[in-house]
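> Next input, structure requested:
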Amino acid sequence: NVFDMNTKQLLKKRIIKGIQAGTFNVVSGRTQAFKTTITAQVCANIAYSSGGNIVHYDTEGRLVGQRIKTLSKLPLDWFEGEQPRYVIKGGSIGFDTLQSDIAEIYENKMRNQELLLKDTCEVDGANRSIKLMPPTVVLIDSLQNVTEKEYNLDDDSMAELRSKTQGARSAYTIRGFITDILPMCKEANIIVLCIAHKTTNMSLQAYGGPKKQFQYGANDERISGGSAVEFNAALVMNYTGISRDDSRFHMDTDGFEGNTVLFEPTKCSTNESGNEKSGLGFEIIVDKRHEGVDNIRTLIRLLVNKGRLKGNKAGYRVINSEGEVVGEKFTWKTVHEDFAKDHTTLVLFYKVAKEELEKYISRAPDKISGSIKPFDIDTMIEEAC
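Down below sits the predicted model:
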């Protein structure tokens, strides 16, 4: 809600969507949940649309440069030259290296803040202009491997299993790293997306099993990195690979080779949090060979589940807000070709998709602000009498 601070009147509503500027965010999930695929595209969307840049830490040593170019769809010149806008760093990386690099980014941006600060053409709740630096997106893939690099590999104790003391030291290192970078991220608009694998929480309790680690996760799940990762994150996105027969796609039947991933916003500082059971999760369609995230087919799956498409894979029609069937037919297998030929139906499809996506945004009622009424039992008794 945007108010006139003199008259206190509501001027307009500004939709807050996506990832906040200058925040630490976590992508969690088990193996084969396409975490890197999806997150790399998120980073590319943020940086390209806002004139920013990307620093990608490949701590797992599995990154293929050409694959990132394909997934991100960024221009080739983003990866070339002495100072490319998409930088890939690999090898042994510890928290000291990460913190030093982020501090260097912060110092460089702050030295040039007069040049970098841009008017976003948006206003805050008090109707003041919002000015931001272009985002520097830092992708850490993954936190688990950074933790392991923090230990001295020449130490004889490394030949044995890690002790509780080592685990505690690791958690402290992560907590200190996050605490130190958060102020720099906020001031210089450095957006961190950190992939933290989801693992099984083992318990030594004879009865009852392990305690639940976070609100929207299973009892036996924990996020790599400990509580500091979850507590300090502005957003925790959970991805789960779905193994149902109807969640796998093939060239001859579907027109592409792909899989389905369940997305759940298990923590969000600006909007509602939840999982599939709470109604806030939806399925993402991944094209393994070409597209990465297939946005069109992802929206088809969403609109089918919301009752906004009529028909089946052999032919869909859009249902508008009045319940009327509009536009021409399009099929699951040839949807990209169909929409390329029929822009009218594509626009109708996008409008309906926008209506459904906006339902995921947390509402901001106009008259809540300023309506405080302290909960005082004596006062309420007197008023009731």
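
> When you work out contacts or count neighbours from here on, use the C-alpha atoms and nothing else.
OK.

> The spatially most central residue of the chain: what's it in contact with?
Nearest to the geometric centre of the chain sits Met237, at 5.3 Å (CA atoms, centre = their mean). Going by CA atoms under 8 Å, 6 or more residues apart in numbering, Met237 touches 26-28, 263-267.

> if you set the cut-off to 10 Å instead, what comes out?
25-29, 35, 39, 195, 263-268, 273-275 (CA atoms under 10 Å, 6 or more residues apart in numbering).

> which stretches of the stretch 51-200 of the chain form helices?
65-72, 95-111, 113-116, 143-149, 164-188 (DSSP state H, counting those that start in this stretch).

> would you turn the ones you listed into TSV with distance to Asp58, mean pLDDT and mean neighbour count?
As requested, the helices of the stretch 51-200 of the chain are exported to TSV (distance: least, CA to CA, whole Å; pLDDT from 0 to 100; neighbours: other CA atoms under 10 Å):
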stretch	distance to Asp58	mean pLDDT	mean neighbour count
helix 65-72	11	88	16
helix 95-111	12	95	15
helix 113-116	28	95	12
helix 143-149	9	75	20
helix 164-188	18	78	16
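
> nearest to Thr298, of those helices?
helix 65-72 (16.1 Å; CA to CA).

> related to what we said a few turns ago, so which of the helices of the stretch 51-200 of the chain is nearest Ser224?
So among these, helix 143-149 is nearest, using CA to CA, at 6.1 Å.

> Does Gly51 touch Leu117 like I think?
No. Under the criterion of CA atoms under 10 Å, Gly51 is not in contact with Leu117, lying 11.9 Å apart.

> Neighbour count: those two, which is higher?
Leu117 (16 against 12; other CA atoms under 10 Å).

> one step back: how about the residue nearest to the centre of the chain, secondary structure?
strand (DSSP: H, G, I helix; E, B strand; the rest coil).

> list the contacts for Ile349?
No, residue 349 isn't Ile; it's Phe. Contacts of Phe349 (CA under 10 Å, 6+ apart): 296, 299-300, 303, 308-309, 317-320, 326-327, 339, 343.

> What helix or strand is it located in?
Under the criterion of DSSP states H and E, Phe349 resides in helix 343-357.

> Name the nearest residue to Arg289, sequence neighbours excluded.
Glu257 (6.6 Å; CA to CA, 6 or more residues apart in numbering).

> wait, isn't that neighbour in contact with Arg248?
Yes. Using CA under 10 Å, Glu257 is in contact with Arg248, at 7.8 Å.

> ok, back up a step: give the intersection of the neighbour lists for Gly51 and Leu117.
133-134.

> just to revisit the earlier point, mutual contacts of Glu257 and Arg248, please.
Val286.

> hang on, Ile296 in a helix?
Yes. Ile296: assigned to a helix according to three-state DSSP.

> Roughly how far does Gly323 sit from Val304?
14 Å (CA to CA, to the nearest Å).

> Which residue of the two possesses the greater neighbour count?
Val304 (15 against 10).

> What are the phi and psi values at the more buried one?
Dihedral pair for Val304: phi -60, psi -50, per degrees, to the nearest 10.
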